[in-house]
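Participant: based on what follows, work out the 3D shape:
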Amino acid sequence: MTDYPDIAVSLADRVGLVEIRKPPNNFFDVSLIRQIGDAFDALDTDPECRTILLAAQGKAFCAGADFASRPADGVEAGAGGGVARHLYKEAVRLFRVRKPVVAAIHGPAIGGGLGLALVADFRVTCAEARFAANFNRLGFHPGFGLTVTLPRLVGTQKSALLFYTGRRIGGEEAVAIGLADMLVPEAEVRDAARALAVEVAQSAPLSTQSTRETLRRGLADAVEAATERELVEQDWQRKTADFREGVKAMGERRLPDFKGT
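Facilitator: Residues are numbered from 1 along each chain as shown. The predicted structure follows:
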């Protein structure tokens with residue numbers, strides 16, 4: 001397997017493991033999403049791989065963008081040819097993979113990290129995990145295609161609640177509303193996700209992939225279109241005082257004092 005700086009890739013039992021290795025928080029950037037995309041593409045063309053397992057080291061699955069130390073990295077860049085545009089173009093690649101993806105969500109999946117988790121067909125999680133689309137609490141528009149993927153899973157009403165409040169929900173509630181599929185003890189998340197991936201891999205690969213294509217037909221194109229809209233909205237909102245206050249408040253672990261400016 002190819003060596004990557006921030007992920008590890010292996011293949012066993014017809015399951016390709018892609019493991020994020022940027023502990024403890026596994027903050028994402030363009031490079032990380034590109035590496036995952038490259039690994040997905042390689043596994044997608046490997047006849048020995050039938051299912052992809054996406055997992056992570058550290059305390060978080062993916063805590064989103066690291067606004068506290070590198071606010072210019074990721075969504076802070078301008079949408080017109082900026083870092084955010086490149087990030088979302090890499091993200092769309094993940095939705096174009098043909099093989100089923102299972103994600104092991106053992107810890108927080110926050111913001112864009114939630115978007116990454118929703119690339120997968122299935123999510124195995126635990127009560128200790130946390131899920132949040134906290135964009136509005138930071139003062140800007142959701143991204144990573146979440147305006148398509150989240151309503152597809154939990155419906156428009158529940159999506160609106162998660163977007164508007166930015167609240168964090170645990171693994172039990174995530175499973176209850178359809179955001180995740182299996183709840184297991186924290187120590188068993190990786191093994192349970194692998195077991196599910198192996199079970200999927202035991203089905204006929206051609207029919208599984210064609211069924212998946214039917215179920216997900218148009219999803220990647222919809223995500224691509226959504227990210228264009230998301231980028232336009234994020235671009236002007238990143239220039240507001242509310243965005244600066246949201247990031248500052250997050251770093252100071254306090255409730256933001258938004259002014260609508």
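Participant: F140 reaches R244, doesn't it?
Facilitator: No: contact criterion CB atoms under 8 Å: F140 and R244 do not qualify, at 10.5 Å. For every residue, glycine as well, the C-beta is placed using N, CA and C.
Participant: tell me which of the two has more neighbours.
Facilitator: More crowded of F140 and R244, by other CB atoms under 10 Å: F140, with 23 against 14.
Participant: okay, now T214: neighbour count?
Facilitator: 8.
Participant: state the phi and psi torsions of it.
Facilitator: phi -70, psi -50 (degrees, to the nearest 10).
Participant: look up how far E224 lies from it.
Facilitator: Applying CB to CB, to the nearest Å, the value for T214 to E224 is 19 Å.
Participant: try D44
Facilitator: 18 Å.
Participant: what's the pLDDT at A84?
Facilitator: Looking at A84, its pLDDT stands at 79.
Participant: for the helix or strand where it lies, which positions count as buried?
Facilitator: For A84, the element it lies in under DSSP states H and E is helix 83-95. Using 16 or more other CB atoms under 10 Å as the test for burial, helix 83-95 gives 83-85, 87-88, 90-95.
Participant: low pLDDT regions in the protein?
Facilitator: Applying pLDDT under 70 to the chain flags the ranges 1, 68-82.
Participant: kindly list the longest helix within it.
Facilitator: In the chain, taking DSSP state H as the definition, the longest helix is helix 219-237.
Participant: run through the strands of the stretch 51-200 of the chain in chain order.
Facilitator: With strands called from DSSP state E, counting those that start in this stretch, the stretch 51-200 of the chain shows them at 51-56, 101-105, 109-110, 122-125, 130-132, 169-170, 182-183.
Participant: adding distance to L161, write these out as JSON lines.
Facilitator: Listed next are the strands of the stretch 51-200 of the chain as JSON lines, based on distance: least, CB to CB, whole Å:
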{"stretch": "strand 51-56", "distance to L161": "26"}
{"stretch": "strand 101-105", "distance to L161": "20"}
{"stretch": "strand 109-110", "distance to L161": "16"}
{"stretch": "strand 122-125", "distance to L161": "19"}
{"stretch": "strand 130-132", "distance to L161": "12"}
{"stretch": "strand 169-170", "distance to L161": "10"}
{"stretch": "strand 182-183", "distance to L161": "21"}
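Participant: for the ones you listed, which one sits closest to F144?
Facilitator: With CB to CB as the measure, strand 109-110 is the member of the strands of the stretch 51-200 of the chain nearest F144 (11.1 Å).
Participant: which strands and helices lie in contact with that closest one?
Facilitator: Helices and strands touching strand 109-110, by 3 or more CB pairs under 8 Å, 6 or more residues apart in numbering; DSSP states H and E, are strand 130-132.
Participant: so what does the strand it packs on touch, helix or strand wise?
Facilitator: strand 109-110, helix 112-117, strand 169-170.
Participant: nearest to C126, out of the ones you listed?
Facilitator: Of the helices and strands packed on strand 130-132, nearest to C126 by CB to CB is strand 169-170, at 8.8 Å.
Participant: helices of this structure, start to end?
Facilitator: Using DSSP H, helices in the chain cover 30-44, 83-95, 112-117, 135-138, 146-154, 156-165, 171-177, 189-201, 205-215, 219-237, 241-251.
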